[in-house]
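In: Here is the input, now give the coordinates:
(one chain, ligands or ions: 4)
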Amino acid sequence: MPDHRFDLHTHTTFSDGTTTPEENAALARAEGLAGLALTDHDTTEGWARMEAACARQGLGFIPGLEFSTELPGTGASVHILGYWVDPEDADLVAECGRLRDERRRRAEAILVLLADLGAPVASECVTAIAGDAPVGRPHIAQAMVEAGLVADLDEAFERYLADHGPAWVPKHALAPERGVELIVAAGGAAVLAHPGSSLGPWTVAAADGSVGSSVEAEASAGHGRMPQAEVEGLLDRLCAAGLAGLEVEHPSHDEPVARHWREVAVRRDLLATGCSDFHGARKPVRMGAGTTSAGVVQSLRARAAR
Ligand code: AMP
Ligand code: ZN
Ligand code: FE
Ligand code: FE
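Out: Ligands and ions are numbered 1, 2, ... in the order given. From the prediction side, this is the model:
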């Protein structure tokens with residue numbers, strides 16, 4: 001049994017996961033975890049049930065959420081995790097509400113584009129899948145599968161919904177440093193989620209077929225590069241805003257990418273976390289596929305209290 005490890009990034013049906021808090025707690029227990037963080041997108045609504053479920057399973061519960069922010073000028077989506085925030089903080093509540101409204105508006109705009117592209121999806125179907133959760137592209141992708149328009153979620157993203165794809169609609173988002181400020185002001189600890197998937201270095205296949213990572217590599221979506229100076233400038237701003245950690249171990253990071261970000265964490269005195277970013281059936285990853293030690297969790301907690 002792994003000694004006291006925590007999965008610091010999981011989703012449920014309270015956002016775009018397919019499992020309930022109770023199911024996540026049971027899975028975490030089965031994986032021998034000491035506890036887990038609930039980090040649904042733009043909401044803290046699932047906390048009460050997750051906390052109760054963790055208590056029943058004898059697990060530690062870390063309350064969290066995941067904000068989508070956007071790097072101005074690039075359109076790059078940068079996700080920030082906030083742990084132990086005050087769920088009643090007025091600015092935080094206002095921003096979550098704004099993001100959820102914006103998600104509804106965007107979903108309708110995406111459905112208009114899909115209809116124009118000959119892939120019509122009824123708004124009611126998306127609503128039936130998302131329920132009360134902040135609606136996200138994975139819900140729309142699921143509706144497309146159920147309508148027989150695509151074979152699976154990957155195809156829905158690849159052909160239509162991916163960033164800058166034919167049915168992609170941008171949504172209001174804070175600048176990344178504002179997201180960190182908001183979390184810190186609400187008493188939380190902020191961690192930059194899956195930096196490799198937002199900022200690179202992206203894994204590229206070389207002409208000879210070998211696979212490697214390059215800071216200057218083109219994003220797989222083919223919409224530009226993230227020059228190193230820009231990444232360092234962003235990190236400067238995030239650290240000044242009070243960033244506490246970097247998510248080093250994430251399913252989207254291969255070993256060279258994880259090593260790159262582990263070095264960045266050391267260089268910038270940031271904590272290095274690990275997670276699965278579990279989404280139930282919507283992502284092929286198991287609960288506990290990445291974890292964080294109890295010691296790092298404790299250090300993170302201490303940074304939140306600062
Ligand atoms: P949204 O919150 O609506 O912008 O959707 C973002 C979510 O969609 C992410 O958190 C991922 O879970 C998922 N996602 C983004 N890109 C892809 C992709 N290419 N394939 C599958 N899922 C994706
Ligand atoms: Zn998600
Ligand atoms: Fe994310
Ligand atoms: Fe996530």
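
In: Residue of the chain nearest ligand 2, please.
Out: Going by CB to the ion, ligand 2 is nearest to D16 of the chain, at 4.3 Å. For glycine as for every other residue, the C-beta is placed from the backbone atoms N, C-alpha and C.

In: Tell me where the model's unsure across the chain.
Out: Where the chain drops to pLDDT under 70, the residues are 1-2, 203-225, 306.

In: What's the biggest helix in it, counting residues?
Out: As assigned by DSSP state H, the longest helix anywhere in the chain is helix 90-116.

In: In terms of secondary structure, what does it contact?
Out: strand 60-71, helix 123-130, helix 137-146, helix 176-185 (3 or more CB pairs under 8 Å, 6 or more residues apart in numbering; DSSP states H and E).

In: residue contacts, the residue of the chain closest to ligand 2?
Out: Shown in contact with D16 (CB atoms under 8 Å, 6 or more residues apart in numbering): H41, A130, A133, P134, G136, P138, H139, H279, R282.

In: Please apply the same query to R159.
Out: R159 neighbours (CB under 8 Å, 6+ apart): V150, G165, P166.

In: tell me the SS of it?
Out: Secondary structure state of R159, per DSSP: H, G, I helix; E, B strand; the rest coil, is helix.

In: Enumerate the residues of the chain near ligand 2.
Out: Residues of the chain found near ligand 2 (CB under 5 Å from the ion) are H11, D16.

In: For the chain, which residues are neighbours of ligand 3?
Out: Counting by CB under 5 Å from the ion, the residues of the chain lying close to ligand 3 are H79, A193.

In: how many other residues sit next to R301?
Out: R301 is flanked by 14 other residues according to other CB atoms under 10 Å.

In: do H164 as well
Out: Neighbours of H164 under the rule other CB under 10 Å: 12.

In: And P256, its phi and psi?
Out: Main-chain dihedrals, P256, degrees, to the nearest 10: phi -60, psi -40.

In: what about it, distance to ligand 1?
Out: Distance, P256 to ligand 1, by CB to the nearest ligand atom, to the nearest Å: 21 Å.

In: With T273 instead?
Out: Separation of T273 from ligand 1 (CB to the nearest ligand atom) stands at 17 Å.

In: for the residue lying closest to F278 once chain neighbours are set aside, what are its contacts?
Out: Excluding its sequence neighbours, the residue lying closest to F278 (CB to CB, 6 or more residues apart in numbering) is T10, at 4.3 Å. With contacts defined as CB under 8 Å, 6+ apart, T10 is in contact with G17, N24, A28, L36, A37, L38, T39, C275, S276, D277, F278, M287.

In: what about the fifth one, helix or strand, and which?
Out: A37 belongs to strand 35-38 when assigned by DSSP states H and E.

In: Kindly indicate whether the residue in the chain that ligand 3 sits nearest to is helix, strand or coil.
Out: Proximity of the chain to ligand 3 (CB to the ion) peaks at H79, 3.7 Å away. Secondary structure for H79, judged by three-state DSSP, is strand.

In: Contact partners for it?
Out: Counted by CB under 8 Å, 6+ apart, H79 has contacts E66, F67, S68, T69, L192, A193, H194, S198.
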